[in-house]
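1. how would this look folded up:
(chains A and B)
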2 protein chains.
Amino acid sequence: MARLVMKFGGTSLADVDRIKTVARHVKREVDAGFEVAVVVSAMAGTTNQLVAWTRETALLHDAREYDTVVAAGEQITSGLLAIALQTLGVNARSWQGWQIPIRTDAAHGAARIVDINGQLLIERLEIDQVAVVSGFQGLGPDNRIATLGRGGSDTSAVALAAAIGADRCDIYTDVDGVYTTDPRVVPKARRMSKIAYEEMLEMASLGAKVLQVRSVELAMVKGVRTFVRSSFDDPEALAVAKSEDRPGTLICDEDEIVEQKVVTGIAYSRDEAQISLRRVADKPGVAAAVFGPLAEANINVDMIVQNVSEDGTLTDLTFTVPNADFELARSVLEEAKGAIGYQVLQGSTDVSKISVIGIGMRSHAGVAADAFQALASRGINIRAITTSEIKISVLIDAPFTELAVRTLHSLYGLDSN
Amino acid sequence: MARLVMKFGGTSLADVDRIKTVARHVKREVDAGFEVAVVVSAMAGTTNQLVAWTRETALLHDAREYDTVVAAGEQITSGLLAIALQTLGVNARSWQGWQIPIRTDAAHGAARIVDINGQLLIERLEIDQVAVVSGFQGLGPDNRIATLGRGGSDTSAVALAAAIGADRCDIYTDVDGVYTTDPRVVPKARRMSKIAYEEMLEMASLGAKVLQVRSVELAMVKGVRTFVRSSFDDPEALAVAKSEDRPGTLICDEDEIVEQKVVTGIAYSRDEAQISLRRVADKPGVAAAVFGPLAEANINVDMIVQNVSEDGTLTDLTFTVPNADFELARSVLEEAKGAIGYQVLQGSTDVSKISVIGIGMRSHAGVAADAFQALASRGINIRAITTSEIKISVLIDAPFTELAVRTLHSLYGLDSN
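-> The predicted model follows:
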């Protein structure tokens, strides 16, 4: 029998009425013949309340005790959803991380799932009992509750789907799928019916905010077909359609995507700050001298551009950091000025990164050239360029963000009719 | 080293400020050299919220899922108190029922503790780590969280004290000890410094409401010296006094009470309804015919008085039931009228039960006679009398409750000067 993991976030479980609606979504899939495991977040607001209490008790608090307090949120929703399902006549049982167990590493507060023993749940699924599993948590090597950090429930769901050999993992969220770009910027953006794991990873990293990056990585590694859909759809109206025809986006292997386009989507990020070091000595070890101190200061460096220097002695080095880290990065680099040996530090927070993403680029030449030409024709200056196999990113002046996204979206034929 | 269990209820843990105060109480005992395990209830209000959510989800809900939801309350306070203790520099760790484990029977929602493995906690106590244990919960035979039912945290504390061989179990509550009678009725009531287990059991059953009856039973069976004290005392002001000299009441073995009085306390209950069956056939099996149907209807029968009949054919049978069950009891008995064979059913809810309690009665004659005479001299009519080895209970007309309690309190020399 086909097996399904369904994941619901805190907004979908915000109160008892919403929990009852979620139960109807689950019942629909049970009635359609699926063996179902559900992964739940805490009710929206609960986690914030619990986090606030721990902070009120002590600003610096033991991560293990934080985990004990915060994990109570999912425990509550798992029990309530099991009750709601039983009331609809669906056999259901709640499961906490320690009961399964979902084993994590020792990094309390931001743990990673190490292993899930799917046997117990599989036994229950096979007697047609729905398993309602608390997301966001597991059991650390110290036999204590460990939480995965914010947004970890997506990862819980994908990892659970892999552990029980589910045919699909459905992520219910407050958007109805993954779009070719941000519909607020481009009203003609289209919802994709399918997207390859690699592409989704680029989209997620670049701010599409639909899924946690880690959950997409895990889905790719484990080959878990992941379907993003809206929890606000009417639960019964969708019952007649075959699950995969329902509105939403399937994240899957590229082989499963028959008509692969060259470019799949356009992502953008305003959360970028540019730093340029001018006239850096072009010698071995200089990159380490720059990026070592930034890493130590926990600053995430994204685009890195270094040109071959004309005469082999001095070069320019440009890279981006998150906006919030701009001032910190500046002061770190100014302190390290002697060790690095640059002459001028220039920076700007008024920049955006625009990315063109598509697996099809691998086999199509000229994608980048088309982008550069289109941007130039609109008078948009490109500050820096980085490329990967399936992505081209350009750094531009922030005021041109929307224009650039719309221009590229049209250029690659992504506009809906 | 002396070992101590401290138990705090929901009112003492109602918000983060109170939790910090509780941490100071605990630190005081740690500083005094005790190895300390703390048992906590949920924050006042939390349990009610969780219970309300389960009811809102379904009026009739699975007890196992109810337990999963409701046990989250103690999990939260245990983590917060551990954090508060750490902030005071006290090494502390929270423990849930499943981690220790505290094994219960299968009666989810009203489970009984079957066994506590104290080994893990003892190891931690011996390295001077305070154990903060969630009360009210354990692990059922199905490997799921089971709750003990309302007020079960007192029982958790006493059972834990027995399991880890604690020298004393301190119950912090919103009263400062056990009084010779209700101070609202008798302003001259005195707080007792000590009371024997058996006496406390009678006091608790009769409405003193300081401790759960079950926890007193358990303390008696296991010989756990239990100290009732107020959580509203200033945590540091008491630090200088030797623990046992502090204001509160120690519940202990009668051997430990040097100057045992004949009568220890006067209890009363207004929650009584009297039922009298007149002219019942005085033959074997008639008591079963009366009390069988009442038990089936889950009605708790308390005082039972049956006189020897004059001629050996007809007798009167009087007993009491809780006020709330009076109408139900009437209708059960009217249905069973044929089977029982009584002629008239009389009843009244306007009655009170007054009890005189004291282990010293065992060896003192005339205690009952004194009581009857004192009540008669005040014009108080006695409707029925029952006695046990350490208790005399009389049923009287409700309007005389206060007068009777005050009269008896003075009679046995319990008034404070």
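
2. which SS class is the residue in the stretch 201-350 of chain A positioned nearest to chain B?
-> Residue of the stretch 201-350 of chain A nearest chain B, by C-beta to the nearest C-beta: A:P235 (16.2 Å). All C-beta spots, glycine's among them, are computed from the backbone N, C-alpha and C. Following DSSP: H, G, I helix; E, B strand; the rest coil, the label given to A:P235 is coil.

3. what's the neighbour count on it?
-> A:P235 has 18 neighbours, counted by other C-beta atoms under 10 Å in any protein chain shown.

4. what's the answer for A:Q212, then?
-> 22.

5. chain B contacts on chain A?
-> A:16, A:19-20, A:50, A:53-54, A:56-58, A:61-62, A:64-69, A:71-73, A:75-76, A:78-80, A:82-84, A:86-87, A:93-94, A:96, A:98-99, A:143-144 (C-beta under 8 Å from any C-beta of the partner chain).

6. show the buried residues in these.
-> Buried subset of those (neighbour count, 16 or more other C-beta atoms under 10 Å in any protein chain shown): A:16, A:19-20, A:50, A:53-54, A:56-58, A:61-62, A:64-69, A:71-73, A:75-76, A:78-80, A:82-84, A:86-87, A:93-94, A:96, A:98-99, A:144.

7. follow-up on the earlier one: of the residues of chain A next to chain B, which belong to helices?
-> Among the residues of chain A next to chain B, the ones falling in helices (DSSP state H) are A:16, A:19-20, A:50, A:53-54, A:56-57, A:64-69, A:72-73, A:75-76, A:78-80, A:82-84, A:86-87.

8. so which bits of the lowest-mean-pLDDT helix or strand in chain A are buried?
-> Across the helices and strands of chain A, mean confidence by mean pLDDT, DSSP states H and E is lowest for strand A:304-306: a mean of 86. Counting neighbours by 16+ other C-beta under 10 Å, one finds that the buried residues in strand A:304-306 are A:V305, A:Q306.

9. only C-alpha atoms, please: export the helix or strand following it in CSV.
-> Reading on from strand A:304-306 to the C-terminus, the next helix or strand found by DSSP states H and E is strand A:314-321. Written as CSV, here are the backbone C-alpha positions of strand A:314-321 (Å, rounded to 0.1, in the frame of the first residue of the first chain):
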residue,chain,number,x,y,z
LEU,A,314,47.7,43.3,-7.2
THR,A,315,44.1,42.3,-7.5
ASP,A,316,40.6,43.2,-6.4
LEU,A,317,38.5,40.9,-4.2
THR,A,318,34.7,41.3,-4.0
PHE,A,319,32.2,39.3,-2.0
THR,A,320,28.9,39.5,-0.3
VAL,A,321,27.8,39.1,3.3
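
10. residues contacting strand A:314-321, please?
-> When contacts are defined by C-beta atoms under 8 Å, 6 or more residues apart in numbering or on different chains, strand A:314-321 is touched by residues A:272-282, A:286-287, A:290, A:294, A:299-309, A:329, A:342, A:351, A:353, A:383-384, A:395.

11. show only the entries of these found in strands.
-> A:272-281, A:304-306, A:351, A:353, A:383-384, A:395 (DSSP state E).

12. buried subset of those as a ChimeraX selection?
-> Of the ones in strands among the contacts of strand A:314-321, the buried ones can be selected in ChimeraX as follows, counting by 16+ other C-beta under 10 Å:
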select /A:272,273,274,275,276,277,280,305,306,351,353,383,384,395
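
13. low-confidence stretches in chain A?
-> Applying pLDDT under 70 to chain A flags the ranges A:150-151, A:205-208, A:238-246, A:309-310.

14. can you pull out the helices in it?
-> Under DSSP H, chain A gives helices at A:16-31, A:46-57, A:63-70, A:72-87, A:119-126, A:152-163, A:197-203, A:213-222, A:286-296, A:326-335, A:337-340, A:367-377, A:401-411.

15. buried residues in the shortest one?
-> Neighbour counts over helix A:337-340 (16+ other C-beta under 10 Å) mark A:I340 as buried.

16. now swap in the fifth one and tell me
-> Across helix A:119-126, burial judged by 16+ other C-beta under 10 Å covers A:L121, A:I122, A:R124, A:L125.

17. residues in contact with the residue nearest to A:V280 when sequence neighbours are not counted?
-> Sequence neighbours aside, A:Y342 is the residue nearest to A:V280 in space, at 4.5 Å (criterion: C-beta to C-beta, 6 or more residues apart in numbering or on different chains). Shown in contact with A:Y342 (C-beta under 8 Å, 6+ apart): A:L277, A:R278, A:R279, A:V280, A:L317, A:L333.

18. now flag whichever of those is closest to A:G45.
-> A:G45 has its nearest neighbour among the contacts of A:Y342 in A:L333, at 40.8 Å by C-beta to C-beta.

19. surely that closest one and A:I340 touch.
-> Yes. Under the criterion of C-beta atoms under 8 Å, A:L333 makes contact with A:I340 at 7.2 Å.

20. show me where the stretch 101-250 of chain A has its strands.
-> A:102-104, A:113-116, A:130-134, A:137-139, A:145-147, A:168-173, A:194-196, A:226-230, A:249-252 (DSSP state E, counting those that start in this stretch).

21. what's the second one packed up against?
-> Same thing as strand A:113-116. The contact analysis (3 or more C-beta pairs under 8 Å, 6 or more residues apart in numbering or on different chains; DSSP states H and E) places strand A:113-116 against strand A:102-104, helix A:152-163.

22. please identify the most buried of those.
-> Mean neighbours per residue, mean count of other C-beta atoms under 10 Å in any protein chain shown, is largest over these for helix A:152-163, with a mean of 28.

23. can you give the distance of that helix from its chain's centre?
-> Relative to the mean C-alpha coordinate of its chain, helix A:152-163 is positioned 13 Å out (C-alpha atoms, centre = their mean, to the nearest Å).

24. returning to that earlier point: quick check: the farthest pair among the buried residues of helix A:119-126?
-> Of all pairs in these, the most separated under C-beta to C-beta is A:I122 and A:R124 at 7.4 Å.

25. residue contacts, the closest residue in space to A:L4 that isn't next to it in sequence?
-> Nearest residue to A:L4 in three dimensions, chain neighbours excluded: A:F34, at 4.2 Å (C-beta to C-beta, 6+ apart). A:F34 sits next to A:M1, A:A2, A:R3, A:L4 when contact means C-beta under 8 Å, 6+ apart.

26. can we see that at 7 Å?
-> A:A2, A:R3, A:L4 (C-beta atoms under 7 Å, 6 or more residues apart in numbering or on different chains).

27. doesn't A:A72 make contact with A:A42?
-> No. Using C-beta atoms under 7 Å, A:A42 is not in contact with A:A72, being 8.2 Å away.

28. still on that earlier bit, so how far is A:V26 from the residue nearest to A:L4?
-> 9 Å (C-beta to C-beta, to the nearest Å).

29. picking up where we left off before, and the residue nearest to A:L4, backbone torsions?
-> phi -80, psi 150 (degrees, to the nearest 10).

30. what sits against A:F291?
-> So A:F291 contacts A:V301 (C-beta under 7 Å, 6+ apart).

31. next one: A:A163
-> Contacts of A:A163 by C-beta under 7 Å, 6+ apart are A:I116, A:G118.

32. could you dump stretch A:226-238 to CSV, C-alpha only?
-> Provided in CSV are the C-alpha atoms of stretch A:226-238 (Å, rounded to 0.1, in the frame of the first residue of the first chain):
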residue,chain,number,x,y,z
THR,A,226,8.4,16.2,-1.6
PHE,A,227,5.1,17.9,-2.5
VAL,A,228,4.5,21.5,-1.3
ARG,A,229,0.9,22.5,-1.0
SER,A,230,-1.5,24.8,0.8
SER,A,231,-3.1,23.8,4.1
PHE,A,232,-5.9,26.4,3.4
ASP,A,233,-7.4,24.4,0.6
ASP,A,234,-10.8,22.9,1.4
PRO,A,235,-9.9,19.4,2.7
GLU,A,236,-12.8,17.5,1.1
ALA,A,237,-13.0,19.4,-2.2
LEU,A,238,-9.7,18.0,-3.2
